[in-house]
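Trainee: sequence unavailable; structure follows:
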């Protein structure tokens, strides 16, 4: 029997995330992103509606200039202001029981020792429902915010991430043995120091003595998500990721990307099914096809396509605000998000893509329009292509998710495309893989017991 799809909600703690301009709409309650009750309410709806996770994007800097400066972004609310999702997750953790809680962060943002401590604390608070989307950050302003002169080169950022993860794996998987915590009131022994280990990492970027200050959490290492389809990005995912977020233009391209990455995973000693793939899609839903098309026209009239261009071009480090929409995008190489240009060229295969395509494709190529039955037909094609889950992109919060839950999910359940009953206990990794801890095939597993002494005196 074919496995049902998994569903996550793709959001950001800001007013304008992916489909820009909709914060101006009366239904765009994402305008109230500073209000924690907006997110608590949404998380509860997602949990009861059959979603496995809420997935927070994040940035730590401005996108590249548009029309000659950064002021455009602030004026239009293009991912500024935005809040730290890790802080928000603690509130969502205590207001939900089963929903996975995923956040985005880059090595740039924080030394690995303190990052490991904060993530482990969240995993304890949530009883094992935390996931980390590993990004390397492609924004020059982000690097300047953390003391760098400019953007570190694309492939060097992935080498940096390799060492960052190496430190984290040592802390999460190797610093504490399973039996270290005793909490023996009679003997007055809380933990066995012989089963707690310093990691003494000394690398190119980091020196970390340890030990990890947090005892093993339900997952030890959080669920590991990754996004990026460049050569370096796919290689990194094949070695480290448990789930990969993709935005392929069609199922055919998705299938090739998925197969290539899974083959790479096997090359690195993992199983092809050790990685799940989540396709990002948005939905326009109608009771009839005619209603759905009418709603799509209404949506198109609300989208700010200049903001869409500012977002896409700003992410790859070029200012397209002063050029014609018909300007060809040829031979562009940047240190920004190379996967965006690759995706664009795949989407427009019969001609040279233009600036206009950049805006149109971001909003439309990842959109499915139709009745719940039509949407189910399309999702069946994505599943056949090898996609394991859907990252649902919103136009409005909470409306986009309420519509999907109320109208599409019942049809998906009937078709076997969504689970009849949610998995109501255990960690996020257990929900998705049937186990609480990383697979023995994962590179982090090599640190289990790696720092242990011969035995313990406390028995």
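Mentor: In hand now; what should we look at? Keep in mind that this is a model prediction, so the values were computed, not measured. Residues are numbered from 1 along each chain as shown.

Trainee: what's the burial count for residue 9?
Mentor: 28 (other C-beta atoms under 10 Å). Heads up, the C-betas are built off the backbone N, CA and C, glycines and all.

Trainee: and it, how far from residue 426?
Mentor: Applying C-beta to C-beta, to the nearest Å, the value for residue 9 to residue 426 is 20 Å.

Trainee: before we move on, what about residue 121?
Mentor: 19 Å.

Trainee: cool, residue 103 as well?
Mentor: 20 Å.

Trainee: which residues of the stretch 301-450 of the chain fall in helices?
Mentor: 305-315, 338-347, 355-364, 372-384, 399-403, 409-414, 428-433 (DSSP state H, counting those that start in this stretch).

Trainee: please apply the same query to the stretch 151-300 of the chain.
Mentor: Under DSSP H, counting those that start in this stretch, the stretch 151-300 of the chain gives helices at 154-169, 231-240, 251-267, 289-302.

Trainee: turn these into CSV, columns for distance to residue 382, mean neighbour count and mean pLDDT.
Mentor: CSV is the format used below for those (distance: least, C-beta to C-beta, whole Å; neighbours: other C-beta atoms under 10 Å; pLDDT from 0 to 100):
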stretch, distance to residue 382, mean neighbour count, mean pLDDT
helix 154-169, 27, 20, 96
helix 231-240, 19, 20, 93
helix 251-267, 5, 17, 96
helix 289-302, 18, 14, 97
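
Trainee: so which of these gets nearest residue 206?
Mentor: Across these, residue 206 has its closest neighbour in helix 154-169 (5.4 Å, C-beta to C-beta).

Trainee: the closest one to helix 231-240, inter-axis angle?
Mentor: 20 degrees (axes from the mean of the first three to the mean of the last three C-alpha atoms, to 10 degrees).

Trainee: what's helix 154-169 packed up against?
Mentor: If you count contacts as 3 or more C-beta pairs under 8 Å, 6 or more residues apart in numbering; DSSP states H and E, helix 154-169 packs onto helix 112-125, helix 231-240.

Trainee: of all these, which lies closest to residue 178?
Mentor: Closest to residue 178 of the helices and strands packed on helix 154-169, according to C-beta to C-beta: helix 112-125, at 15.1 Å.

Trainee: can you give me the buried ones in the helix or strand where residue 88 lies?
Mentor: Following DSSP states H and E, one finds residue 88 within helix 85-93. Of all the residues in helix 85-93, those buried under the rule 16 or more other C-beta atoms under 10 Å are 85, 86, 88, 89, 92, 93.

Trainee: can you put those residues in JSON lines and add pLDDT and distance to residue 433?
Mentor: Converted to JSON lines, the buried residues of helix 85-93 look like this (pLDDT from 0 to 100; distance: C-beta to C-beta, whole Å):
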{"residue": "85", "pLDDT": "98", "distance to residue 433": "23"}
{"residue": "86", "pLDDT": "97", "distance to residue 433": "23"}
{"residue": "88", "pLDDT": "98", "distance to residue 433": "25"}
{"residue": "89", "pLDDT": "98", "distance to residue 433": "21"}
{"residue": "92", "pLDDT": "98", "distance to residue 433": "22"}
{"residue": "93", "pLDDT": "98", "distance to residue 433": "20"}
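
Trainee: test my guess that residue 182 contacts residue 191.
Mentor: Yes. With contact defined as C-beta atoms under 8 Å, residue 182 reaches residue 191; the gap is 6.0 Å.

Trainee: stretch 168-179: end-to-end distance?
Mentor: Terminal residues of stretch 168-179 are spaced 20 Å apart (C-alpha to C-alpha, to the nearest Å).

Trainee: burial check on residue 178, number of neighbours?
Mentor: 10.

Trainee: quick one: contacts for the residue lying closest to it once chain neighbours are set aside?
Mentor: Closest residue to residue 178 apart from its sequence neighbours, by C-beta to C-beta, 6 or more residues apart in numbering: residue 216 at 6.9 Å. Going by C-beta atoms under 8 Å, 6 or more residues apart in numbering, residue 216 touches 176, 178, 180, 181.

Trainee: most neighbours, which of the residues you listed?
Mentor: Neighbour-wise, the contacts of residue 216 (other C-beta under 10 Å) top out at residue 176, 24 neighbours.

Trainee: surely that residue meets residue 197?
Mentor: Yes. Judged on C-beta under 8 Å, residue 176 makes contact with residue 197 at a distance of 7.5 Å.

Trainee: what sits in contact with each of the two?
Mentor: residue 211.

Trainee: which strand residues bridge residue 390?
Mentor: Taking DSSP bridges as the rule, residue 390 bridges to residue 7, residue 279.

Trainee: near it, how many other residues are there?
Mentor: 26.

Trainee: could you do residue 140 as well?
Mentor: 22.

Trainee: with the one 4 residues further on instead?
Mentor: Taking other C-beta under 10 Å as the neighbour definition, residue 144 ends up with a count of 14.

Trainee: and the gap between it and residue 108?
Mentor: Taken as C-beta to C-beta, the span from residue 144 to residue 108 is 11 Å.

Trainee: residue 301 now?
Mentor: Separation of residue 301 from residue 108 (C-beta to C-beta) stands at 38 Å.

Trainee: also residue 43?
Mentor: Distance, residue 43 to residue 108, using C-beta to C-beta: 27 Å.

Trainee: what does residue 354 give?
Mentor: For residue 354 relative to residue 108 (C-beta to C-beta), the value is 32 Å.

Trainee: who has more neighbours out of those two?
Mentor: Per other C-beta under 10 Å, whichever of residue 354 and residue 108 has more neighbours is residue 108, with 22 against 19.

Trainee: burial measure for residue 409, as a count.
Mentor: Residue 409: 18 neighbours (other C-beta under 10 Å).

Trainee: contacts only, for it.
Mentor: Counting by C-beta under 8 Å, 6+ apart, residue 409 has contacts 49, 50, 418.

Trainee: so the first one is in contact with residue 405, correct?
Mentor: So the one you mean is residue 49. Yes. Using C-beta under 8 Å, residue 49 is in contact with residue 405, at 3.4 Å.

Trainee: need the residues touching each of the two.
Mentor: By C-beta under 8 Å, 6+ apart, no residue touches both residue 49 and residue 405.

Trainee: may I see the helices and strands packed on helix 154-169 arranged in CSV, with distance to residue 288 as well?
Mentor: CSV is the format used below for the helices and strands packed on helix 154-169 (distance: least, C-beta to C-beta, whole Å):
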stretch, distance to residue 288
helix 112-125, 44
helix 231-240, 40
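
Trainee: so where's the stretch 351-459 of the chain shaky on pLDDT?
Mentor: 359, 361-363, 422-425, 454-459 (pLDDT under 70).

Trainee: what do you get if the cut-off is 90, keeping everything else the same?
Mentor: 351-366, 420-426, 452-459 (pLDDT under 90).

Trainee: tell me the bridge partners for residue 370.
Mentor: residue 285.

Trainee: run a quick neighbour tally on it.
Mentor: Counted with other C-beta under 10 Å, residue 370 comes out at 20.

Trainee: right, and it touches residue 287 too?
Mentor: No. Counting by C-beta under 8 Å, residue 370 stays clear of residue 287, with 10.5 Å between them.
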